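Student: Predicted model, plus sequence, below.
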Amino acid sequence: MIALFSGTSEGRKIIKELEKNKIKTIVFTATAYGGSLVPKSKHISINSGQLSKEKLERIFKERKIDKILDATHPYAETISKTLIELSNNMKILYYRYEREDIEIEESSTIKKFSTYEEIIDFLENNAGNILLTNGSKNLHKFVKKIDKNRLHTRILPMPKYIKKTLDLGIDLKRIIGMQGPFSREINEALIKNFEIKYMVAKNSGKEGGLEEKIEAAEETGLKLLILDKPKVNYPNKYKSINKIVENVK
């Protein structure tokens, strides 16, 4: 049986291919929302929620997992490192689906950073409204050091994320509850409506809507601040869904 860890739109495409090939798979998603996006099937079972390394090890033994397919988000480095460790310890084959990268060069509108702390230091020293498009997980870091009246955040329109954002002191009128990825036109409309000077984004590739953010930044003249991807030494990397499915069959 395959253990597929899915946290992206490509993960859902992989699930469809596994189902098409009638491959028994248990899909792990970090949230119940992610689990709700997985199509129901007699070949596919779902496990939603955060799991410790010990619990994953127990499930792998109980379900006789012989292959791990990691299709998590490029910034979910903790779970990827855990899966690689379990693969080595338990002698289970590990496969990584890797998004196509976008070549990013710094310019008058694009600046790259290695950490959130570097981005925050930059924003502290430059005035203007900020649009955060990097989720709610690290929002507390920005709230701690930057005037909350400058911060606008685009997050999934789910009650727990909105509550978390409100609890951190972000005014409701500065919370944009939308599910992406987004077109250049939508990005531009938000930038103009909220008079955004800086947009914070992850290097999430084509599938994550980065191209559209770059286009919107170039069109509006704002500064796009991009957090580089974490460095993870993935074994068995694939950038083709068809090829990775063919190899795990």
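Tutor: Everything's here; your move.
Student: S45 - that's part of a helix, no?
Tutor: No - going by DSSP: H, G, I helix; E, B strand; the rest coil, the assignment for S45 is strand, not a helix.
Student: Which residue is the nearest non-sequential neighbour of the spatially most central residue of the chain?
Tutor: Against the mean C-alpha coordinate of the chain, by C-alpha atoms, centre = their mean, the closest residue is H73 at 4.2 Å. Spatial nearest neighbour of H73, excluding adjacent residues (C-beta to C-beta, 6 or more residues apart in numbering): G7 at 4.5 Å. (Each C-beta comes from the backbone N, C-alpha and C, glycine too.)
Student: Report the contact partners of the one you found.
Tutor: Shown in contact with G7 (C-beta atoms under 8 Å, 6 or more residues apart in numbering): 29-30, 34, 71-73, 76.
Student: I'd like to know which elements the lengthiest helix in the chain is packed against.
Tutor: Longest helix of the chain, by residue count under DSSP state H: helix 77-90. Packed against helix 77-90 by the contact rule (3 or more C-beta pairs under 8 Å, 6 or more residues apart in numbering; DSSP states H and E) you find helix 53-62, strand 67-71, strand 93-97.
Student: Report the buried residues of the biggest strand by length in the chain.
Tutor: When the chain is parsed with DSSP state E, its longest strand is strand 196-202. Neighbour counts over strand 196-202 (16 or more other C-beta atoms under 10 Å) mark 196-202 as buried.
Student: out of those residues, what pair is the most spread apart?
Tutor: Comparing every pair within the buried residues of strand 196-202 by C-beta to C-beta identifies K197 and K202 as the most remote, at 19.1 Å.
Student: Could I get the contacting residues of K22?
Tutor: Going by C-beta under 8 Å, 6+ apart, K22 touches H43.
Student: rerun at 10 Å
Tutor: 41-43, 249 (C-beta atoms under 10 Å, 6 or more residues apart in numbering).
Student: hmm, which helix or strand of this structure has the shakiest average pLDDT?
Tutor: helix 32-36 (a mean of 79; mean pLDDT, DSSP states H and E).
Student: helices or strands up against it?
Tutor: Applying 3 or more C-beta pairs under 10 Å, 6 or more residues apart in numbering; DSSP states H and E, one finds that helix 32-36 contacts strand 25-29, strand 44-48, helix 159-167.
Student: Could you look over those and pick the most buried one?
Tutor: strand 25-29 (a mean of 24; mean count of other C-beta atoms under 10 Å).
Student: Quick check: the closest residue in space to L172 that isn't next to it in sequence vs I196, distance?
Tutor: The shortest distance from L172 to any non-neighbouring residue, by C-beta to C-beta, 6+ apart, is to L166 (6.6 Å). Separation of L166 from I196 (C-beta to C-beta, to the nearest Å): 20 Å.
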